[in-house]
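Undergrad: fold the stuff below for me.
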Amino acid sequence: MKSVDSDKASAHRAILESAVLMPLLRLALFLTAVCVFAAALLLRSARADATESFWTLGSHMAGFPGAPHEGVRQLQLNGVRVSFRTQTVEASLADVLAHYEATCGTAIATQSARSDSAGYVACLDMGDPPPDLGGLANRFLRFSETGDLREVGAAHYILARRVASGSADKTFLFTMWVDSGFNLYTTVPHAGADAAGRDLTGVPRPPGSQRILSAWEERQPSGILVYRVVGKSAEELESFYRTRLPRNGWTIVERHPSESIQVDGTHMLSAEQDNRLVTVLSHPGEASQTVLTILASEP
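TA: Okay, the predicted model is just below:
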């Protein structure tokens with residue numbers, strides 16, 4: 001009888017663990033996508049070329065063999081301090097992606113895609129695997145309690161792009177890792193609350209806006225803020241900033257007075273104050289929402 005009860009308990013525990021693991025695993029993979037999106041936005045600073053935006057997420061991910069050593073830089077991303085670096089390696093895009101796919105070969109989850117000119121590899125590496133399903137479940141349960149993705153493992157994400165340079169194969173890499181905790185509960189905005197981070201001093205926010213991204217490179221002037229604004233059109237947000245920025249001491253940068261600039265449906269407005277420059281972009285979103293992006297350059 002005890003054996004039957006024990007078997008039933010084991011089966012029940014396995015079902016429970018599966019029910020807990022799968023949603024959290026999907027959440028962990030979702031974080032990877034969020035970070036890629038956030039980084040791509042970050043690199044679109046007021047003086048940067050968006051086509052040069054590349055991102056790699058990971059924790060102590062091995063560099064590509066033979067790659068030159070590059071300095072590590074730091075970034076504040078929704079309140080989380082992360083490190084990143086760029087490298088150009090003497091290898092084809094296919095070889096680079098194959099290397100990182102092999103590096104992620106024993107990870108709990110791996111995802112990759114590629115085109116003729118670029119590609120990425122993402123994985124969640126747990127390091128030494130837990131001895132049993134119970135140990136694995138405990139990791140995910142700790143993650144559900146703390147919101148810290150590092151309870152589960154190290155997220156790796158590499159985005160690579162082919163570099164046209166004579167006859168030699170060269171590939172550009174952008175790698176990043178998190179040395180401290182990565183709390184999903186504060187990093188990813190939810191229930192109308194702001195994501196962790198900060199706003200731009202002297203630049204007003206529209207009423208009812210929700211901050212979904214705050215990203216700044218340490219010791220560098222460029223940063224980006226992204227807000228979700230419900231019930232306001234792109235035209236209304238442009239009008240809001242055209243009125244409010246001058247009140248806060250900003251000078252609108254324009255060729256002709258009250259000239260409205262639109263690119264692919266996005267309204268653009270720039271202003272300067274001393275050595276500071278901001279560019280406000282408002283783009284229609286879904287369900288009566290407008291996505292507001294502020295690119296900042298400060299001394």
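Undergrad: the strands in the protein, which residues?
TA: Ranges of strands within the chain are 73-77, 80-89, 109-114, 118-125, 154-163, 170-177, 210-217, 222-230, 251-253, 261-263, 266-273, 276-284, 289-297, based on DSSP state E.
Undergrad: now those as JSON lines including distance to residue 96 and mean neighbour count?
TA: Where C-beta positions appear, they are placed from N, C-alpha and C, glycine not excepted. JSON lines is the format used below for these (distance: least, Cβ to Cβ, whole Å; neighbours: other Cβ atoms under 10 Å):
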{"stretch": "strand 73-77", "distance to residue 96": "21", "mean neighbour count": "18"}
{"stretch": "strand 80-89", "distance to residue 96": "7", "mean neighbour count": "18"}
{"stretch": "strand 109-114", "distance to residue 96": "10", "mean neighbour count": "15"}
{"stretch": "strand 118-125", "distance to residue 96": "8", "mean neighbour count": "22"}
{"stretch": "strand 154-163", "distance to residue 96": "5", "mean neighbour count": "23"}
{"stretch": "strand 170-177", "distance to residue 96": "5", "mean neighbour count": "22"}
{"stretch": "strand 210-217", "distance to residue 96": "25", "mean neighbour count": "21"}
{"stretch": "strand 222-230", "distance to residue 96": "27", "mean neighbour count": "21"}
{"stretch": "strand 251-253", "distance to residue 96": "40", "mean neighbour count": "13"}
{"stretch": "strand 261-263", "distance to residue 96": "33", "mean neighbour count": "12"}
{"stretch": "strand 266-273", "distance to residue 96": "33", "mean neighbour count": "18"}
{"stretch": "strand 276-284", "distance to residue 96": "33", "mean neighbour count": "21"}
{"stretch": "strand 289-297", "distance to residue 96": "30", "mean neighbour count": "20"}
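Undergrad: out of those, nearest to residue 133?
TA: Each of the strands of the chain was scored for nearness to residue 133 using Cβ to Cβ, and the closest is strand 109-114 (15.8 Å).
Undergrad: so what's residue 261 bridging to?
TA: For residue 261, the residues forming beta bridges with it (DSSP bridges) are residue 268.
Undergrad: pretty sure it sits against residue 279.
TA: No: with contact defined as Cβ atoms under 8 Å, residue 261 does not count as touching residue 279 (10.2 Å).
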